[in-house]
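Asker: Below are the sequence and a predicted model; questions follow.
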Amino acid sequence: MLMTDLAAALGVAVHDPAPPREIRFSRAGCRLHGYDWGGTGRPVLLLHGGGLTARTWDFVCLGLRGDARLIALDLRGHGDSDWSDDYRIDTHAADVAAAAEHLGLDRVRLAGMSLGGVVAARVAETRPGLVDRLALVDVAPGVDFESTRQVRAFMFGLGPVRDLETVVEAALRVSPRADRARVAYRMRTLFRRVPGGGWAPKSDLRPPDFAAILAAIERLPAQLAGLPVLLVRGERSRVLTQAVAEDLARRMPNWELAVVPGAGHLVQEDNPAALITALRAFLRT
């Protein structure tokens with residue numbers, strides 16, 4: 001199915017089906033990539049989770065571009081950005097700040113899912129004059145890392161294949177409740193054609209420093225103290241429980257909680273229409 005057809009099937013109101021403009025820039029010798037969806041309103045940089053790409057935000061961007069200027073970035077080692085030997089959170093954060101500078105943006109809002117949320121928080125901490133509010137999607141202190149074990153094993157076990165249908169079938173065995181059309185769309189964004197036929201993963205699938213990422217997640221409240229934060233949880237997510245999310249939103253005076261019905265950890269793909277509603281209200285302020 002086409003991107004716009006999938007978005008419409010998920011309840012997203014698509015007013016402008018035009019594809020985004022690719023952006024390319026470099027920092028410290030690493031070539032970086034993203035998509036500028038245009039749109040009106042304040043600029044919002046969208047950061048994906050580990051193992052994903054900027055295309056995970058496609059459905060959200062189609063429905064939200066009337067409310068904000070949307071830029072989805074491929075973190076280094078993901079999508080069409082270069083691979084690297086440096087995937088520290090600080091390095092990712094510096095890349096995001098460089099993207100804002102490349103685009104001539106002196107004040108932005110950030111939305112980050114999972115790893116992208118950790119990176120977004122570090123940008124806000126190191127560049128407080130750049131970020132005025134931030135949405136964390138299914139990531140917060142107290143995440144259940146073990147619940148991602150099966151998905152992590154699948155993602156980091158990916159390799160070249162002759163036919164993408166092989167990967168789609170394998171993904172559905174890991175997540176049997178997933179929608180086949182959406183899984184097929186995601187796999188097309190995660191792989192690239194290779195000479196001689198077949199497909200290869202775009203992302204660097206060397207396992208990251210999970211200990212450092214988990215430690216950074218625990219620092220999120222301190223990093224974001226005083227900044228307006230929208231914490232988004234997928235209703236079916238096993239990564240971030242309702243009790244943990246509610247406790248955090250209750251303790252942090254500038255945080256609000258939105259729960260997206262029917263969504264798991266991949267909130268932006270599972271129920272983009274409801275996420276758009278939550279982000280629109282938060283980002284319009």
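Answerer: Received, thanks. Numbering: from 1, shown residues only.
Asker: got the contact list for the nearest residue to Gln150 once chain neighbours are set aside?
Answerer: Counting by CB to CB, 6 or more residues apart in numbering, Gln150 lies nearest to Val174, which is 5.8 Å off, once chain neighbours are set aside. Every C-beta, even on glycine, is put in place using the N, C-alpha and C of the backbone. Shown in contact with Val174 (CB atoms under 8 Å, 6 or more residues apart in numbering): Gln150, Val151, Phe154.
Asker: Just confirm the last one is within a strand.
Answerer: If I follow you right, that is Phe154. No: according to DSSP: H, G, I helix; E, B strand; the rest coil, Phe154 belongs to no strand; its state is helix.
Asker: before we move on, the earlier item: how far away is the residue nearest to Gln150 from Phe25?
Answerer: 35 Å (CB to CB, to the nearest Å).
Asker: Same check on Phe282?
Answerer: Phe282 is 28 Å from Phe25, where distance means CB to CB.
Asker: quick one: what helix or strand has Val167 in it?
Answerer: Element membership for Val167, per DSSP states H and E: helix 164-174.
Asker: Tell me where the stretch 1-150 of the chain has strands.
Answerer: 21-27, 30-38, 43-47, 69-74, 108-113, 131-137 (DSSP state E, counting those that start in this stretch).
Asker: OK, contacts around Leu266?
Answerer: Gly49, Thr56, Met113, Gly234.
Asker: Distance check, it against Arg21.
Answerer: Leu266 is 25 Å from Arg21, by CB to CB.
Asker: related to what we said a few turns ago, can you tell me which of the contacts of Val174 are buried?
Answerer: Val151, Phe154 (16 or more other CB atoms under 10 Å).
Asker: out of the contacts of Val174, which one sits closest to Gly129?
Answerer: Val151 (36.6 Å; CB to CB).
Asker: so that closest one, which of the three states?
Answerer: Assignment for Val151 (three-state DSSP): helix.
Asker: is it true that it touches Ala178?
Answerer: No: contact criterion CB atoms under 8 Å: Val151 and Ala178 do not qualify, at 10.8 Å.
Asker: Backbone dihedrals for Leu158, both of them.
Answerer: With angles defined as degrees, to the nearest 10, Leu158 sits at phi -70, psi 150.
Asker: these two touch, right, it and Val167?
Answerer: Yes: under the criterion of CB under 8 Å, Leu158 makes contact with Val167 at 6.9 Å.
Asker: who has more neighbours, the two?
Answerer: Val167 (22 against 19; other CB atoms under 10 Å).
Asker: mind listing what the more buried one touches?
Answerer: Leu158, Val161, Met187, Phe191, Trp199.
Asker: ok now do the fourth one, which residues does it touch?
Answerer: In this case it means Phe191. Counted by CB under 8 Å, 6+ apart, Phe191 has contacts Val161, Leu164, Val167, Trp199, Ala200, Pro201, Lys202.
Asker: Show the buried residues in these.
Answerer: For the contacts of Phe191, buried by 16+ other CB under 10 Å: Val161, Leu164, Val167, Trp199, Pro201, Lys202.
Asker: pLDDT score for the fifth one?
Answerer: Spelled out, that is Pro201. Note for Pro201: predicted pLDDT of 96.
Asker: same deal with Met1?
Answerer: On the pLDDT scale, Met1 gets 60.
Asker: picking that back up, among the contacts of Leu266, which ones are in helices?
Answerer: When the contacts of Leu266 are checked against helices (DSSP state H), there are no matches.
Asker: Show me the two of the residues you listed that sit farthest apart.
Answerer: Farthest pair in those, by CB to CB: Thr56 and Gly234, 13.4 Å.
Asker: hey, where'd the helices end up in the stretch 51-200 of the chain?
Answerer: 58-64, 89-102, 115-126, 149-156, 164-174, 180-190 (DSSP state H, counting those that start in this stretch).
Asker: quick one: Arg109 from Val131, how far?
Answerer: 7 Å.
Asker: Convert the host helix or strand of Leu231 to PDB, retaining C-alpha atoms only.
Answerer: Under the criterion of DSSP H and E, Leu231 resides in strand 229-234. Taking C-alpha atoms only, strand 229-234 is exported to PDB below (Å, rounded to 0.1, in the frame of the first residue of the first chain):
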ATOM      1  CA  VAL A 229       7.200  17.900  28.600                       C
ATOM      2  CA  LEU A 230       4.500  15.700  27.100                       C
ATOM      3  CA  LEU A 231       5.000  12.100  28.000                       C
ATOM      4  CA  VAL A 232       3.200   9.800  25.600                       C
ATOM      5  CA  ARG A 233       2.600   6.200  26.400                       C
ATOM      6  CA  GLY A 234       1.200   3.500  24.100                       C
END
